[in-house]
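pasted the sequence and its predicted model underneath.
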Amino acid sequence: AQSVTQLDSQVPVFEEAPVELRCNYSSSVSVYLFWYVQYPNQGLQLLLKYLSGSTLVESINGFEAEFNKSQTSFHLRKPSVHISDTAEYFCAVTFTGYSSASKIIFGSGTRLSIRP
Amino acid sequence: DGGITQSPKYLFRKEGQNVTLSCEQNLNHDAMYWYRQDPGQGLRLIYYSQIVNDFQKGDIAEGYSVSREKKESFPLTVTSAQKNPTAFYLCASRLDGGQPQHFGDGTRLSIL
């Protein structure tokens, strides 16, 4: 069965420190991978995606994630965080060859809190 | 700008009452989804629809109903059979299987 695991429910870090949010998935078929960010009382916003090609993908606000097929991981990293990065982050996976109605499976989320 | 509009932002339900949450998209996406979000539990899929007049149950469909009479609209009804409806409800849409979902800003439902 396909699944997504976000290993840390909460990650506290100091401002300007580096951060890594971990995501592992389980699948017997090829996948597409996504990271979403959710600010309080808002919907989810796409942060970055891996569909094919380069395994390292970057967002416009300094986050990056690397697809590691052998380790079935898609960890999210940022070298220096800001107060404005405080939010909840969701990893998600969907499966190649499926229709648009196929499910996207979400992890349970990681709450990133930045301390000044 | 294209996007997904959910309304209302806050909704209160009385005992025994059905309530309907609105979701409209102008992205011309085929597929639409409804999720329920509870603290610490991530997103759980309620219903999804690939095409007009067709929809499928997700993981927690009991106590909910949907319709898809137009491509742009996918309303969710929370029926009186749903005994614990207090949650944040998110609507999403997607163009095709390889693309990410776009989300609305959510509706927070509470019990009076």
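Yep, it's here.

from here on, just use CA atoms for contacts and neighbour counts.
Fine.

and the strands in chain A?
With DSSP state E, the ranges of strands along chain A come out as A:3-5, A:10-14, A:19-21, A:24-26, A:31-38, A:44-50, A:56-58, A:64-68, A:73-78, A:87-95, A:105-106, A:110-115.

how about stretch A:71-87, does it get close to chain B?
No - judged by C-alpha under 8 Å from any C-alpha of the partner chain, stretch A:71-87 and chain B are separated, with a smallest distance of 13.4 Å.

quick one, what contacts the residue nearest the centre of chain B?
Geometric centre of chain B, nearest residue: B:Trp34, 3.1 Å, by C-alpha atoms, centre = their mean. B:Trp34 makes contacts with B:Leu45, B:Ile46, B:Tyr47, B:Tyr48, B:Leu76, B:Tyr89, B:Leu90, B:Cys91, B:Ala92, as judged by C-alpha atoms under 8 Å, 6 or more residues apart in numbering or on different chains.

quick one: low-confidence parts of the chain?
Since no chain was named, I'll use chain A. A:96-102 (pLDDT under 70).

switch to chain B, please.
For chain B (pLDDT under 70), the answer is B:1, B:97.

would you mind listing what in it touches chain A?
B:30-32, B:40-43, B:48-50, B:90, B:94-98, B:100-106.

same thing but 6 Å
B:Ala31, B:Gln41, B:Gly42, B:Gln50, B:Asp96, B:Gly97, B:Phe103, B:Gly104, B:Asp105, B:Gly106 (C-alpha under 6 Å from any C-alpha of the partner chain).

quick check: the last one touching B:Ala87?
No - contact between B:Gly106 and B:Ala87 fails when scored by C-alpha atoms under 6 Å: they sit 10.1 Å apart.

looking at these two, which is more packed in?
B:Gly106 (28 against 16; other C-alpha atoms under 10 Å in any protein chain shown).
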